[in-house]
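# next comes the sequence, and after it the predicted model I'd like to discuss.
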Amino acid sequence: MKLTDLDAQPYRSGGFGEIYTGTYPDGQPVIIKKLSRTNKSTAQLAQIQLEMLIMKRCKHENIIRLIDYICEDENLYLIMERATGGTLMESIVSRQHYSEYDARYFIQQILSAFNYLHRHEIAHLDFKPDNVVLKDMINQPGYKPILKLIDFGSCKFGQTQFVRQMTQGYASPEQLLKKEATVQSDMFSLGVVTYIILSGAHPFDFKNPSHMNEQIIKGQWSWNPAFDQVSDFAKDFITRCLKIEPSERMTSKNAMRHAWIENVGLNFKELELSRNQMKQFMAVLKLKSAFLVVKASIMVSEMVETQESGFVDSIIKVAGEGK
Ligand SMILES: Nc1ncnc2c1ncn2[C@@H]1O[C@H](COP(=O)(O)OP(=O)(O)O)[C@@H](O)[C@H]1O
Ligand SMILES: [Mg+2]
C-alpha cells in the first residue's frame, strides 16, 4: 500500500512529523502520522519502531487503535483510527454544559487506559491535554464522549526506551531531573491534567518555565480560586497524584478506587470560571507549547544503543509480523 492509496490530505503539523487525514481502503476515516526515518540515530529509529509496536499491541477502548502502517525507506506512516471530536480542552470549552461530573468522567477513562498500559508495563510518559482526543463530538444531551489516548512517541516498555522526550509542565519531577521515569510518572502528569480540566489553570507557574520547573521539583503549588467550586474529593485526588516521590503517588489501580472516581461527590454545578480560565490558558499554550517539548536532546545513553541493538533488531522483526 502507498500513501496515495489513502487519499492523504495534510491535517496539522505535529512535533516530530506530519499528520494527514485519509480514508482506508475499507472506507473508514483514518489519521496518518508520518515519522521521518532520515537523519535519525539508531536510538531514534528504535523509538519510532517502539511507538508503532506498542500501538499495535494495545487493544483498549480508550487508546487509539493502529489500523496499519506503511514502512518506506524514508518514512514510516502510522495509520490509525480517526477521532473527530478534537482535543480534550477544545471539547471542554465548546460544550454546552461542563461540571465536575463531566471532568470525572474524562479522568475515569484516562485511568482505565493507564491501568491497562501500566499493567502491561507500558508508561506513556508524555501525557498532556494535546495527547487526548475525543472519538466524536455529538452535541446531544446525555451523550457520553469517548476519550482516546494518542501519541506513544515517548513511551517506555519495561526498561526499554530509546529516546527520552517529555513536555515541561506535565513531566514529573523525576523526568525533569533525568532520573528513571516509570508508570508512576504518568500519574504525576494525570494530576496536572486533572487540575487543569477542573480549573482551567495550571498548578505551577506555567508562564515562566524555569520557575515552573523549580516549583515542580520542590512540590510547590496551591489551589487556584476556581477550586472553590470543586469538591474535596477531587482535590484529594489531585494531591495524591502530585506527590514528588513516585512511590507516594497513587497507582493507576488505586486511583480507580479513589472516592472521587468510584462514586462519591457527583457534582453537576457549572464550572463557569474554570471554562473562562481555560480559554485564556489555551491561548498561552498556543504560544508556549512548542518551547516546552524537550526531545532528542536527552538521548539515551550509548549503552542502550550498543547493548540493546539485538533488541532493536527484534522489535523491528516483531513489528514486521502480520504484514
Ligand atoms: N488518531 C487521531 N485522531 C484525531 N486526531 C489526531 C490523531 N492522532 C493525532 N491527532 C492530532 O494530531 C496531533 C499530533 O499528533 P501526535 O501523535 O500527538 O504527534 P506528536 O508526536 O507530533 O505530538 C494531536 O495533538 C491531535 O490533535
Ligand atoms: Mg502529541
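Perfect, thanks for sending it. Ligands and ions are numbered 1, 2, ... in the order given.
# pLDDT wise, what is Lys295 at?
Note on Lys295: pLDDT of 63.
# ok, now Glu121?
Value listed for Glu121 in the pLDDT field: 95.
# list the contacts of it.
By CB atoms under 8 Å, 6 or more residues apart in numbering, the contact set of Glu121 is 157-158, 183. For glycine as for every other residue, the C-beta is placed from the backbone atoms N, C-alpha and C.
# swap in Gln229?
Neighbouring residues of Gln229 by CB under 8 Å, 6+ apart: 100, 269, 271, 273-274.
# just give me the closest of those to Asn62.
Nearest to Asn62 among the contacts of Gln229, counting by CB to CB, is Glu100 at 19.9 Å.
# for Ile197, see how far away that closest one is.
Distance, Glu100 to Ile197, by CB to CB, to the nearest Å: 10 Å.
# circling back: which among the contacts of Glu121 end up buried?
Neighbour-count burial (16 or more other CB atoms under 10 Å) applied to these gives 157, 183.
# near ligand 2, from the contacts of Glu121?
Contacts with ligand 2 within the contacts of Glu121, counted by CB under 5 Å from the ion: none were found.
# how about stretch 54-65, does it reach ligand 2?
No - counting by CB under 5 Å from the ion, no contacts exist between stretch 54-65 and ligand 2, the nearest distance being 11.3 Å.
# so that stretch, near ligand 1 or not?
Yes - judged by CB under 6 Å from any ligand atom, stretch 54-65 comes into contact with ligand 1 at Ile64.
# that stretch spans what distance, first to last residue?
End-to-end distance of stretch 54-65 (CA to CA, to the nearest Å): 10 Å.
# circling back to that earlier point, in strands, which of the contacts of Glu121 fall?
Among the contacts of Glu121, the members found in strands (DSSP state E) are Phe157.
# and the chain, what are its domains?
The chain breaks down by automatic domain parsing into domains covering 8-82, 88-295.
# the closest residue to Asp130 other than its chain neighbours bridge partners, please.
Counting by CB to CB, 6 or more residues apart in numbering, Asp130 lies nearest to Thr87, which is 5.6 Å off, once chain neighbours are set aside. Here Thr87 sits in beta bridges with Val133, as judged by DSSP bridges.
# from what I can see Thr87 touches Met137, true?
No - counting by CB atoms under 8 Å, Thr87 does not reach Met137; the two are 11.1 Å apart.
# residues from this structure in reach of ligand 1?
Contact residues (CB under 6 Å from any ligand atom) of the chain with ligand 1: 12, 14-16, 19, 31, 33, 64, 80-83, 87, 130-131, 133, 150-151, 153.
# nearest spatial neighbour of the residue in the stretch 51-200 of the chain positioned nearest to ligand 1, skipping sequence neighbours?
Nearest residue of the stretch 51-200 of the chain to ligand 1, counting by CB to the nearest ligand atom: Asp151, 3.3 Å away. Leaving out its chain neighbours, the residue that sits closest to Asp151 by CB to CB, 6+ apart is Asn131, at 4.3 Å.
# show me what residue of the stretch 101-250 of the chain gets nearest to ligand 2.
Asp151 (3.7 Å; CB to the ion).
# so who does that residue touch?
Counting by CB under 8 Å, 6+ apart, the residues that Asp151 touches are 126, 130-131.
# most neighbours of all the residues you listed, which one?
Asp126 (25 neighbours; other CB atoms under 10 Å).
# can you name the residues that contact it?
151, 153-155, 165-167, 170, 189.
# again with Ser94
By CB under 8 Å, 6+ apart, the contact list for Ser94 reads 86, 137.
# circling back to that earlier point, now the domains of the chain as CSV including distance to Met1?
Output for these, formatted as CSV (distance: least, CB to CB, whole Å):
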stretch, distance to Met1
domain 8-82, 6
domain 88-295, 22
